[in-house]
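Engineer: sharing a model that was predicted from the sequence below.
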Amino acid sequence: MTKKPPRRLSVAPMLDWTDKHYRYLARQISKNTWLYTEMINAGAIIHGDPHRFLAYNDCEHPVALQLGGSEPAELAKAAAKAAAYGYDEINLNCGCPSPRVQKGAFGACLMNEVALVADCLNAMKDAAPACDITVKHRIGVDRQTEYQTVADFVGYLSEKTSCATYIVHARNAWLDGLSPKENRDVPPLKYDYVYRLKQEFPKLEIIINGGIKTNAEIAEHLNHIDGVMIGRECYHNPMVMRDWDQLFYGDTSASPAEYAELAGRLKTYAAEQMAAGRGTILRHIARHTLGLMHGLKGARTWRRMLSDAALLKDNNPDLFLQAWEEVERANRF
C-alpha cells in the first residue's frame, strides 16, 4: 500500500462544490494535499445508489469521505460501504449548522451530544477498521464561547474512542439566528483555541480550518498545529495550491502545474467522463474550473466561455482549449 502523505494540507468538504470533478482538478495541481468529498448523508449511501455517492477518480488519493448522520448503526453501514471503495479516511461532520442538517439532528448539533458522537465514531471504526476515522467540528455552539467547551469535547472523544485526528473550524456555530453563509463569516475566529488544543493534547493530530487564504498564513499556523484545511479559497482560486507540494511537503519532484497543461488535461478528462455515461455533461465539470485563471489577464473571458449555456450545450471538451487560447492571447499583449 502506498504511503500516505501527512495531513499537512487539505481541501475542506464543501457542499455542492467538492465533487469528484472538482477533486480531479485539485489533484492535478497538488499531488500531496488531502481531498474531501462533500458531506454525504449516511442514509443516502445505504438506501440510495452507493456508486453515485462513493465513486471517485483513482488519482484522487489521499481522499476522504465526509459523512453526515447521528445514528451509529447507519453510520457503520455507510462506513463499511465506503471502506469497500478504498477511501483513505472517513470523517464525521460535527460542524455544519444548516437548518436541513439540524432537522436531522446531526452536524454541529452533535457537539452537544458528545457521548453519542463517541458511539458513532466507535461504530464507524468497527465497521471500517482499515480506515482512519476522524471528526470535523466547531469550537462551540451558540453561546458556548469558553475554550473549555471544545477542550472537553476533544478530551472526551480522545478517551472514549480511538479517534486521533480532529479538524477544528475555529468559529462557533450559531444554530439559531445565522444562515449557513453567515456562520462561515460572522462568528469570530479563535485560532488560539485550536493552538491550545494542540498544547493540551500533544499526541492528537490537530488540524485548523476557517478563514485561511494565503501561503504565509498556512506557514504561520503550521508553527502551532499539525495541519491546515482550506475551503473557499481553494475553490475560487485553485492555483493557490500550485506550490504546496514543494513549500509544505518538501516534494521537489513535483513541478508546479502549468495552465496550458491543465487545460489539456481537463479536455481529456471531460471527454472520458462524458464517454463513460452516467449522465455527465460538460457543464458538470466546467462549473468547477471557473476560478482556475484567477489573477491572469483573460480570466474573465475564461469564466464567461465556460459558463456560457450556448457554448456548453454542445458538450464539446475542446471548449477548455478554446477558452485557454483566449487567455493565452490576452497574456501575450
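Structural biologist: Nice, I can see it. Numbering: from 1, shown residues only.
Engineer: what is the end-to-end distance of stretch 243-259?
Structural biologist: 13 Å (C-alpha to C-alpha, to the nearest Å).
Engineer: which residues does that stretch contact?
Structural biologist: Stretch 243-259 is contacted by residues 5, 8-9, 28-33, 215, 218-219, 222, 239, 242, 292-293, 296, 324, 327 when judged by C-beta atoms under 8 Å, 6 or more residues apart in numbering. For every residue, glycine as well, the C-beta is placed using N, CA and C.
Engineer: do that again at 10 Å, thanks
Structural biologist: 5-6, 8-9, 25, 28-33, 215, 218-219, 222, 227-228, 230, 234, 238-239, 241-242, 261, 264-265, 292-293, 296, 302, 324, 327-328, 331 (C-beta atoms under 10 Å, 6 or more residues apart in numbering).
Engineer: now do the domain split for the chain, please.
Structural biologist: If you go by automatic domain parsing, the domain ranges for the chain are 9-249, 259-332.
Engineer: what segments of the stretch 101-250 of the chain are helices?
Structural biologist: 114-127, 147-160, 180-183, 191-200, 215-221, 232-236, 244-249 (DSSP state H, counting those that start in this stretch).
Engineer: how far does the third one sit from its chain's centre?
Structural biologist: Right, the one you point to is helix 180-183. On the basis of C-alpha atoms, centre = their mean, to the nearest Å, helix 180-183 sits 17 Å off its chain's mean C-alpha point.
Engineer: packing partners of that helix?
Structural biologist: helix 99-103, strand 165-173 (3 or more C-beta pairs under 10 Å, 6 or more residues apart in numbering; DSSP states H and E).
Engineer: where among those is average confidence lowest?
Structural biologist: Among the helices and strands packed on helix 180-183, helix 99-103 has the lowest mean pLDDT, at a mean of 58.
Engineer: sorry, back to before: between the helices of the stretch 101-250 of the chain, which one is closest to K20.
Structural biologist: Proximity to K20 (C-beta to C-beta) singles out helix 232-236 among the helices of the stretch 101-250 of the chain, at 14.3 Å.
Engineer: keeping just the C-alphas, turn the closest one into CSV.
Structural biologist: C-alpha atoms of helix 232-236 as CSV (Å, rounded to 0.1, in the frame of the first residue of the first chain):
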residue,chain,number,x,y,z
ARG,A,232,-13.4,28.5,-0.3
GLU,A,233,-10.0,29.9,-1.4
CYS,A,234,-9.1,26.5,-2.9
TYR,A,235,-12.4,26.5,-4.9
HIS,A,236,-12.4,30.1,-6.1
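Engineer: can you give me the strands in the chain?
Structural biologist: In the chain, the strands defined using DSSP state E lie at 9-11, 34-41, 63-68, 89-94, 132-141, 165-173, 205-209, 227-230.
Engineer: could you export those strands as CSV, including mean neighbour count?
Structural biologist: As requested, the strands of the chain are exported to CSV (neighbours: other C-beta atoms under 10 Å):
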stretch, mean neighbour count
strand 9-11, 24
strand 34-41, 22
strand 63-68, 25
strand 89-94, 25
strand 132-141, 24
strand 165-173, 25
strand 205-209, 23
strand 227-230, 23
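Engineer: would you turn those strands into a markdown table with distance to M124?
Structural biologist: Formatted as a markdown table, these follow (distance: least, C-beta to C-beta, whole Å):
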| stretch | distance to M124 |
| --- | --- |
| strand 9-11 | 19 |
| strand 34-41 | 13 |
| strand 63-68 | 8 |
| strand 89-94 | 6 |
| strand 132-141 | 5 |
| strand 165-173 | 13 |
| strand 205-209 | 17 |
| strand 227-230 | 20 |
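Engineer: how close does N215 sit to A254?
Structural biologist: Using C-beta to C-beta, to the nearest Å, N215 is found at 15 Å from A254.
Engineer: no no, W244
Structural biologist: 9 Å.
Engineer: repeat for L116
Structural biologist: Look at L116 and A254: by C-beta to C-beta, they are 41 Å apart.
Engineer: go on, N41?
Structural biologist: 35 Å.
Engineer: R23 now?
Structural biologist: 17 Å.
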